[in-house]
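Asks: show me how the following folds:
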Amino acid sequence: MTMLNRANLFCLAVSFTLASLGGLRADDAKPAAARSINVLLVTGGCCHDYDFQAKAIQLAAAERGLKVQWTVVNDGGTGTTAEIDLYKNVDWSQGFDVVIHNECFANTTDPDYIRSITDPHKAGVNAVVIHCAMHTYRAADVDDWREFLGVTSRKHEHKSNYPVNVVKPDHPIMAGFPNDYKSETDELYVIEKIWPGTTILATSTSEKTGKEHGVYWTNQYGKARVFGTTYGHSNETFGDPVFLDTLIKGLAWAAGQ
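Replies: Model (predicted):
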């Protein structure tokens, strides 16, 4: 699987049959009957191993029978401020069923640039938002990105293995989620605000304050379906089957499958 940058952008088709994915559970195999979905994964910025994470997401989708045509854009360097070229094209989101945001640029603040990202989503481009996407553009005065995410977070607590409490067990994304699950070593993000379109699916409890914070959720942002998780800091998390199961179910849900 190949990472792309703005100088070398192409689509990576990942299409597997059930025969090539032996050993899957029956419920894992269901998405394979659906059409292939076009997914744009935007990644880069501060603080995480984005190459590893991008490859893990692609492999997880294939192993679970979800047929995806991938475009991966890793741009913006490793700092906290960047305006990547992708979003400067007014048609950047055309042709994609879902955009996965796994970027981390906390100190980018230009409202017009931020709205060049959120406006296509509001018009109906579905999304998955992971971990530091929640702290991206946190220094901005405008709330457009935070409303798109479905939650507002500006800080996180220490790394730990956090128990996850499912509050919407009947939601398809949480189907089969273990009752006794603890995260791999990860950060708990402090959720300041839950936006009106958001439904919290699962929470974890602060070891400092005892307060519960949403860690998996869905959001209706205009015409777009958005699935989000604040977990995803460590490579251990991106090697955890339960996290990956949930992430791929969230991707399928966002795509309407």
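Asks: which secondary structure elements does the helix or strand where Val72 lies contact?
Replies: Secondary structure assigned from DSSP states H and E places Val72 in strand 68-74. Applying 3 or more C-beta pairs under 8 Å, 6 or more residues apart in numbering; DSSP states H and E, one finds that strand 68-74 contacts strand 11-14, strand 37-45, helix 50-63. In short, each C-beta sits where N, CA and C put it, glycine included.
Asks: and the pLDDT for the residue lying closest to Ala82 once chain neighbours are set aside?
Replies: Nearest non-adjacent residue to Ala82, counting by C-beta to C-beta, 6 or more residues apart in numbering: Gly76, 3.3 Å away. Listed pLDDT for Gly76 reads 93.
Asks: Gly76 in helix, strand or coil?
Replies: Judged by DSSP: H, G, I helix; E, B strand; the rest coil, the three-state class of Gly76 is coil.
Asks: what's the neighbour count on it?
Replies: Close neighbours of Gly76, defined as other C-beta atoms under 10 Å, add up to 25.
Asks: could you report the distance from it to Val42?
Replies: In this view, Gly76 and Val42 are 9 Å apart by C-beta to C-beta, to the nearest Å.
Asks: so what sits against both of those two?
Replies: 84, 103 (C-beta atoms under 8 Å, 6 or more residues apart in numbering).
Asks: tell me where the stretch 51-200 of the chain has helices.
Replies: For the stretch 51-200 of the chain, the helices defined by DSSP state H, counting those that start in this stretch occupy 111-122, 144-149.
Asks: pick the most buried one from those helices.
Replies: helix 144-149 (a mean of 23; mean count of other C-beta atoms under 10 Å).
Asks: let's see that one as CSV, backbone CA atoms only.
Replies: This file holds the C-alpha atoms of helix 144-149, laid out as CSV (Å, rounded to 0.1, in the frame of the first residue of the first chain):
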residue,chain,number,x,y,z
ASP,A,144,-17.5,25.6,11.6
TRP,A,145,-14.9,22.8,12.0
ARG,A,146,-16.1,22.0,15.5
GLU,A,147,-19.7,21.8,14.4
PHE,A,148,-18.7,19.5,11.6
LEU,A,149,-16.9,17.2,14.0
